[in-house]
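Undergrad: next one to model:
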Amino acid sequence: MLRIALYVCPQTVCSSLSMAQDAFGLANRLSPTPRFRLQRFSLDGAPVQLDFARIAVDGGLQLAERADLLILPATGSAVEQTLAANAALLPWLAQPRRQQLASLCSSAFLLAAASLLDGRRATTHWALAEAFTRRFPRVKLQAEQLLTEDGRLFCSGGAQAGLDLCLHLIALHGGDWLAQQVASALVVERQRGLQSRFAPLLPDGCADAALAPLLRWLREHHAEPIDLSRLAQLAHCSPRTLLRRFKAATGLTPNDYLQRLRIANAQQALSRSSDSLERIAASVGYADRATFAKLFKQLCSETPGAFRKRMQSSGAAPPAT
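TA: As a prediction, this is how the structure comes out:
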């Protein structure tokens, strides 16, 4: 029986902890014989008060040292606070060990801070990717991935990706059949593709208020033929100045922003209409369907047809542009 120890600290996200426990607990119930022994541990072996629950644990670090697999549930987006509050965990994590270690979502920061991910492939929530890369440049971050496996180290992206990783670990230690039974019981799909499908195409806001009128104009005229000279004229500056200011304000070049804006509008159309791909491509500014489909897949990590099927079957709608 595989011994699994789940780490609990005041920053632990309740839903992430319970999701992991539910997945492996369900695997035990669906398996002819229980395959996993689940225990919780804290730094000092004492119960942990979370936002709206007091979590009992089975022991401290000594208990965790006897486990075969350590799982660090998500710890939220307050990364600096989490790292400071769990400073005593880091040297313990860094000790040589043969255990497997898995981080769910933001807890990849804990593994990286213990230098366990240096030179290794890893992932975390797409919204934390920039901060992660800045802090841990030696890690081979693959933020587009829902989960990564590099030797005995496992990481997952956003909240639901934690379940993807648990299913992956169940398959690894209990067989693919058991993992599929758990997924079916939870009514979730396995192999859900890339995390980048869920990241917004456009930046949130603009750091240069003087460019706000230009961005509004782009939203209204994105389907028209547009070049840098025209944009510079509208912004009352030279093309070179516009390039510099636009990149500083949005993180994108004007052309990159325009292409993302067009594809974001195409997402809206694909979600809400049955128009042909040719018609949708033309409506957002692309005369050639092939060019549109190639760029769509590059930015969205799936084809326009796959996106339409996923969005219309789920009843969801992409963020407004």
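Undergrad: pretty sure residue 45 is touching residue 39, no?
TA: No - shown here, residue 45 and residue 39 do not form a contact pair, counting by Cβ atoms under 8 Å, at 11.3 Å. Where you see a C-beta, it was placed from the backbone N, CA and C, and this is true even at glycine.
Undergrad: quick check: neighbours shared by the two?
TA: Jointly contacting residue 45 and residue 39 under the rule Cβ atoms under 8 Å, 6 or more residues apart in numbering are 57, 59, 63.
Undergrad: and the pLDDT for the second one?
TA: With respect to pLDDT, residue 59 has a value of 97.
Undergrad: same check on the last one?
TA: You'll see residue 63 listed with a pLDDT of 96.
Undergrad: count the residues that sit near it.
TA: As a burial measure, residue 63 scores 17 neighbours (other Cβ atoms under 10 Å).
Undergrad: among the shared contacts of residue 45 and residue 39, which one sits closest to residue 199?
TA: Checking those against residue 199 by Cβ to Cβ gives residue 57 as the nearest, at 34.6 Å.
Undergrad: ok, now which ones touch that closest one?
TA: By Cβ under 8 Å, 6+ apart, the contact set of residue 57 is 8, 39, 40, 41, 42, 45, 46, 47, 48.
Undergrad: put the buried members of these into a ChimeraX selection.
TA: Selection of buried members from those for ChimeraX, criterion 16 or more other Cβ atoms under 10 Å:
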select :8,40,41,42,48
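Undergrad: relative to residue 220, which of the contacts of residue 57 is nearest.
TA: residue 8 (50.5 Å).
Undergrad: look up how far residue 18 lies from the closest one.
TA: Residue 8 sits 11 Å away from residue 18, going by Cβ to Cβ, to the nearest Å.
Undergrad: now do stretch 108-115: everything it contacts.
TA: Residues outside stretch 108-115 that contact it (Cβ under 8 Å, 6+ apart): 72, 75, 79, 82-83, 86, 89-91, 93-94, 101, 103, 117-118, 122-124, 128, 132, 135-136, 139, 153, 155.
Undergrad: restricted to strands, list those residues.
TA: 72, 101, 103, 122, 153, 155 (DSSP state E).
Undergrad: farthest pair in those residues?
TA: Greatest spacing in the ones in strands among the contacts of stretch 108-115, by Cβ to Cβ: 72 and 122 (12.5 Å).
Undergrad: overlap in contacts of those two?
TA: Residues touching both residue 72 and residue 122 (Cβ under 8 Å, 6+ apart): 103, 111.
Undergrad: please pick the buried ones from the ones in strands among the contacts of stretch 108-115.
TA: With burial judged by 16+ other Cβ under 10 Å, the buried subset of these is 72, 101, 103, 122, 153, 155.
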